[in-house]
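*Asks:* Got a predicted structure here, sequence first:
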Amino acid sequence: MDESDGRKVRNICILAHVDHGKTTLADHLIASSGGGVLHPRLAGKLRYMDYLDEEQRRAITMKSSSISLRYKDYSLNLIDSPGHMDFCSEVSTAARLSDGALVLVDAVEGVHIQTHAVLRQAWIEKLTPCLVLNKIDRLICELRLSPMEAYTRLIRIVHEVNGIVSAFKSEKYLSDVDSILASPSGELSAESLELLEDDEEVTFQPQKGNVVFVCALDGWGFGISEFANFYAAKLGASATALQKSLWGPRYYIPKTKMIVGKKSLSAGSKAKPMFVQFVLEPLWQVYEAALDPGGDKAVLEKVIKSFNLSIPPRELQNKDPKNVLQSVMSRWLPLSDAVLSMAVKHLPDPIAAQAYRIPRLVPERKIIGGDSVDSSVLAEAELVRKSIKACDSSHDAPCVVFVSKMFAIPMKMIPQDGNHRERMNGLNDEDSKSESDECFLAFARIFSGVLRAGQRVFVITSLYDPLKVESSHKYIQEAELHSLYLMMGQGLTPVTEVKAGNVVAIRGLGPYISKSATLSSTRNCWPLASMEFQVSPTLRVAIEPSDPADMGALMKGLRLLNRADPFVEITVSARGEHVLAAAGEVHLERCIKDLKDRFAKVNLEVSPPLVSYRETIEGDGSNLLESLRSLSLNSSDYVEKRTPNGRCIIRVHVMKLPHALTKLLDENTELLGDIIGGKGSHSVKILESQKTSPEENVDPVEELKKQLIEAGVSSSSETEKDREKCKAEWAKLIKRIWALGPREKGPNILFAPDGKRIAEDGSMLVRGSPHVSQRLGFTKDSTETPPEASEAALYSEAKTLESSIVSGFQLATASGPLCDEPMWGLAFTIESHLARAEDFETEKQPENFGIFTGQVMTAVKDACRAAVLQTNPRIVEAMYFCELNTAPEYLGPMYAVLSRRRARILKEEMQEGSSLFTVHAYVPVSESFGFADELRKGTSGGASALMVLSHWEMLEEDPFFVPKTEEEIEEFGDGASVLPNTARKLINAVRRRKGLHVEEKVVQYATKQRTLARKV
């Protein structure tokens, strides 16, 4: 493929919310351009890309799959992706391999939460989007809207999608949940929307040609250019002038044959916008003529005659009016022509796309320090980067391929012809052993060079650094590619070589890649940036075989599942259970089914879901000034512990961090981990921010520092004077951050104490060092004044205890006192006073109590946990944001289900132009299991819900509540008969699961034997 061929390739993915018509649209494109693999009559019914049994049964797409199409002289690689929130990882894999995206939106349902998510994914991966408004026929048949009402609705949807994209452009990095909650519920008039759409900067504009209006089920669709060409000769105007006028506030005056704006209309004019008059009204007339019993059939004949449509008479004489309508519409406005011509014209080819996607694919790296860096390695790595940027498809260019996922298909699906069979027989034993009935293929895109079957390549993981060959050798392997295939849905076409810019399936990489990787023909290549997933696997279950003898088969099955699913996580818990983490209930069900039927082929026992919690203390952290005062050394509010040998006294103060600061630390754990742990002779600084901001050279570390300073005081609601004081206190405190926890990068902070080094009793304070503040650049490395000769030994011993104190803090924050769950949003100050050894030697021998550093570590851990218990501990639970759609008659049963699940309603509103209600609510993750099934049963299938992980929220209930005041005793009794509250129930359930002590009555009724029989 030379450059001219590269310009004729398009890599497109279809993105949308669940059930908005992606696979149906793909069916029609395949039927028209797929080389005869699908008959047009079956398009929309067969769902060709959903070839898994589970997909056909549930009628949703569960994995991204590719097919090659030919349109005119263009080659299109079309990737269909799932719309369900549980499979959003598949959207990430599809987006990475594509250059452009077709974003579908249902004209009736409008923009939903997954529409936000897929637009965000397209923005992150720097894809060029085009908008497809689907199910236009529902506006006519179901909602019975007039053309003018339908036009207002379409304008509103286009404006809403544009608003989402412009929010990304203006760097308002809200989460999808926040952006939905922040969207204005106030009504905008049609006129103001029309004026907004005239802005040149707006992404989606029908008059530009990057918006099409379709009905995928009936197989018709159009862009404005089609109607502009129809009317150009009739109205005596140029097609380009008409194209600009057919959307927005433009009106046609028949008397003067002029196109005017809204201001030029006379006061009493009843003129309609040109889009209504020339586009929607003819469509409405055709639908009414075909579907109404008394419809005017002459309208259909007029359309057939005007456009010279060749429709077989038997189709026109069909008794079903829907079939007649479909025959006329699909020939008058063919869907595939409208969509594919837009894709060819408005979506970029690989050569153009890789030039501006390069900062996201291979971020530019700046080497800081280190004279030992090999300049030849750097030069070659830069050459590879330039080849990717230029999409160089010459034979001597370095070959770079990105594998976005591995997928398993049965061996019988592999083409078995001639030399390919010989090549398969030559597979190494390890590959054939691991694959057995399943064959693993890599879903990949070639970014540079030419890939050939039988070629040897280096498999590079995301942690590989070509400048550190010795330490990075475990992240690089050499592999031989056995065969290459072009994907045709579930079919595969063998090819010998594929050039840059194409999507391909590769066989022979099974043993080398678990999730994703970069393939390169040279060692000196930076790995392509990791994909960004919208959610993390939150639903965890423990699995074991029904028959313990099948443990080996389960282990093998788990390895295969881990390789085949890009999103599943498999770990072994501290109790030795195999824990499988999935994105949601549907994803989990599919994983368990795959394990049982395909990978392990054994019966499994699946535990109830294991829910994660966090532990914190009472308060919202908003009054930071009071909290800072409580941290001061003079405060008496502390917990004191002494090591068993009595030499070290430990005092711990604890305070609640502001919510904004906790959230910031939690969201930036990876970046903080890199900053705090980044040591070495030279460091590589990635210039581009991971948020793909318009300012390419934003330094993420500087941005984080700025946010940390702001977050510390942002939630304080005091007077201006107090606010300034609080700011000054926080500025001092931020220079004393000793460590973060748990795992050295969590949302809890350990501050170094700032008291006198020598106390009055002669003991020495372990000062610690503000290690994290130094790494973040809040304070410089300070050299302490050396102690006097008499104190040198005690000082050096105090220095060795610093790591023990940090380890004790890490252990405490990793498992809190309530139920051994990690702590959340807490700040600790730990003062350790070390006494001289001579004072204790006469009384006790230190060897009796074990190693002294271990004693300190245990004492710090116990003191931190006791401090949390003393300051009103609370449990923090994860919350789902839930979007529900239901008809008005099912609102009552839906609210009943929500109230049983401890849900909190945020808002309810009626969707404009339809009879459906949309309800937004927060549902605790612990209450979400089986929620969708219960909702369907309670509303007879009339309500649907979609859930996405939103945030962590503190449960206000006190788990140790005992009635004390007269009112409480009157309400709850004397305390002996108080039922456990929700917080206590959750804590006891976790403690029981972990095998910890639970305070509960073992014997409930001891007075007499209770049986079911009622004997007198």
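*Replies:* That came in fine, so what should we check first? Residues are numbered from 1 along each chain as shown.

*Asks:* I'd like to know how far residue 231 sits from residue 390.
*Replies:* 43 Å (Cβ to Cβ, to the nearest Å). Using the backbone N, CA and C atoms, a C-beta is placed for each residue, glycine as well.

*Asks:* Please apply the same query to residue 246.
*Replies:* Separation of residue 246 from residue 390 (Cβ to Cβ): 39 Å.

*Asks:* The two: which has the busier surroundings?
*Replies:* Using other Cβ atoms under 10 Å as the criterion, residue 246 and residue 390 rank with residue 246 on top: 24 against 18.

*Asks:* Enumerate every residue touching the more buried one.
*Replies:* 206, 207, 224, 227, 228, 274, 275, 278, 279 (Cβ atoms under 8 Å, 6 or more residues apart in numbering).

*Asks:* where do the strands sit along the stretch 451-600 of the chain?
*Replies:* Secondary structure of the stretch 451-600 of the chain (DSSP state E, counting those that start in this stretch): strands at 456-460, 476-480, 483-488, 491-495, 497-499, 503-507, 517-520, 539-545, 569-572, 578-582.

*Asks:* Show me how far the last one is from its chain's centre.
*Replies:* Here strand 578-582 shows a centroid-to-chain-centroid distance of 18 Å under the convention Cα atoms, centre = their mean, to the nearest Å.

*Asks:* do the same with the third one
*Replies:* Distance of strand 483-488 from its chain centroid, counting by Cα atoms, centre = their mean, is 29 Å.

*Asks:* which other residues reach that strand?
*Replies:* Contacts for strand 483-488 (Cβ under 8 Å, 6+ apart): 34, 37, 65-68, 415, 420, 423-424, 441, 443, 451-453, 492-498, 503-508.

*Asks:* circling back to that earlier point, out of the strands of the stretch 451-600 of the chain, deepest packed?
*Replies:* Among the strands of the stretch 451-600 of the chain, the stretch with the highest mean neighbour count (mean count of other Cβ atoms under 10 Å) is strand 517-520, at a mean of 27.

*Asks:* in its sheet, what does that strand sit against?
*Replies:* Each strand that pairs with strand 517-520, with its direction, by DSSP bridges: strand 400-410 (antiparallel), strand 456-460 (antiparallel).

*Asks:* looking at the ones you listed, which is closest to residue 906?
*Replies:* For the strands paired with strand 517-520, proximity to residue 906 was assessed by Cβ to Cβ; strand 400-410 is nearest, at 34.7 Å.

*Asks:* what comes up buried for the closest one?
*Replies:* 400, 401, 402, 403, 404, 405, 406, 407, 408, 409 (16 or more other Cβ atoms under 10 Å).

*Asks:* of those residues, closest to residue 361?
*Replies:* Within the buried residues of strand 400-410, the smallest distance to residue 361 is 7.7 Å, found for residue 402 (Cβ to Cβ).

*Asks:* Now that closest one: closest residue in space, sequence neighbours ignored.
*Replies:* Distance criterion Cβ to Cβ, 6 or more residues apart in numbering; nearest residue to residue 402, sequence neighbours excluded, is residue 528 at 4.8 Å.

*Asks:* what are the ranges of the helices in the stretch 851-1000 of the chain?
*Replies:* Assigned by DSSP state H, counting those that start in this stretch, the stretch 851-1000 of the chain shows helices spanning 852-870, 891-900, 931-938, 966-972, 982-994.

*Asks:* Could you single out the most deeply buried of those?
*Replies:* helix 852-870 (a mean of 21).

*Asks:* list the helices and strands that one packs on?
*Replies:* When contacts are defined as 3 or more Cβ pairs under 8 Å, 6 or more residues apart in numbering; DSSP states H and E, helix 852-870 sits against strand 639-642, strand 648-656, helix 802-814, strand 826-834.

*Asks:* closest to residue 981 out of these?
*Replies:* Among those, strand 648-656 comes nearest to residue 981, with 21.0 Å by Cβ to Cβ.

*Asks:* Could you export the closest one as PDB, CA atoms only?
*Replies:* Presented in PDB, the C-alpha positions along strand 648-656 are these (Å, rounded to 0.1, in the frame of the first residue of the first chain):
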ATOM      1  CA  CYS A 648       9.100   4.400  73.300                       C
ATOM      2  CA  ILE A 649       5.900   6.400  73.900                       C
ATOM      3  CA  ILE A 650       3.700   7.000  70.900                       C
ATOM      4  CA  ARG A 651       1.000   9.700  70.700                       C
ATOM      5  CA  VAL A 652      -1.400   9.800  67.800                       C
ATOM      6  CA  HIS A 653      -3.700  12.700  66.800                       C
ATOM      7  CA  VAL A 654      -6.200  12.100  64.000                       C
ATOM      8  CA  MET A 655      -8.300  14.500  62.000                       C
ATOM      9  CA  LYS A 656     -10.700  14.300  59.000                       C
END
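
*Asks:* okay, the helices of the stretch 851-1000 of the chain in JSON lines with mean pLDDT and distance to residue 614 next?
*Replies:* Below are the helices of the stretch 851-1000 of the chain laid out as JSON lines (pLDDT from 0 to 100; distance: least, Cβ to Cβ, whole Å):
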{"stretch": "helix 852-870", "mean pLDDT": "86", "distance to residue 614": "12"}
{"stretch": "helix 891-900", "mean pLDDT": "90", "distance to residue 614": "24"}
{"stretch": "helix 931-938", "mean pLDDT": "86", "distance to residue 614": "22"}
{"stretch": "helix 966-972", "mean pLDDT": "77", "distance to residue 614": "27"}
{"stretch": "helix 982-994", "mean pLDDT": "87", "distance to residue 614": "11"}
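
*Asks:* Indicate which one of those is closest to residue 358.
*Replies:* Per Cβ to Cβ, nearest to residue 358 of these: helix 931-938, 41.6 Å.

*Asks:* how far out from the middle of the chain is the closest one?
*Replies:* Distance, centroid of helix 931-938 to centroid of chain: 25 Å (Cα atoms, centre = their mean).

*Asks:* How about residues contacting that helix?
*Replies:* Residues contacting helix 931-938 (Cβ under 8 Å, 6+ apart): 585, 882, 884, 893-894, 896-897, 900-901, 923, 943-945, 947.

*Asks:* same thing but at 6 Å, please
*Replies:* 893, 897, 901, 943, 945 (Cβ atoms under 6 Å, 6 or more residues apart in numbering).

*Asks:* repeat for stretch 570-585
*Replies:* In contact with stretch 570-585 (Cβ under 6 Å, 6+ apart) are residues 86, 537, 539-543, 558, 562, 567-569, 588, 591.

*Asks:* Please work out the average pLDDT along that stretch.
*Replies:* Averaging pLDDT along stretch 570-585 gives 86.

*Asks:* Repeat that for stretch 52-64.
*Replies:* Stretch 52-64 comes out at a mean pLDDT of 84.

*Asks:* ends of that stretch, how far apart?
*Replies:* 12 Å (Cα to Cα, to the nearest Å).

*Asks:* mind listing what's buried in it?
*Replies:* 54, 55, 60, 61, 62, 63, 64.

*Asks:* buried ones in the longest helix belonging to the chain?
*Replies:* Criterion DSSP state H: the longest helix present in the chain is helix 147-169. The neighbour-count check on helix 147-169 (16+ other Cβ under 10 Å) flags 147-165, 167-168 as buried.

*Asks:* Confirm for me that residue 903 is in contact with residue 923.
*Replies:* Yes. At 4.6 Å, residue 903 counts as touching residue 923 under the criterion of Cβ atoms under 6 Å.

*Asks:* hmm, back to that, which of the buried residues of stretch 52-64 sits closest to residue 740?
*Replies:* Of the buried residues of stretch 52-64, the one sitting nearest to residue 740 (Cβ to Cβ) turns out to be residue 64, at 36.5 Å.

*Asks:* who's in contact with residue 88?
*Replies:* residue 534.

*Asks:* and the strand or helix carrying it, what's its mean pLDDT?
*Replies:* Residue 88 is part of helix 88-97, with elements assigned from DSSP states H and E. The average pLDDT within helix 88-97 is 89.

*Asks:* Distance from it to the middle of the chain?
*Replies:* The mean C-alpha position of helix 88-97 is separated from the chain mean by 10 Å, Cα atoms, centre = their mean.
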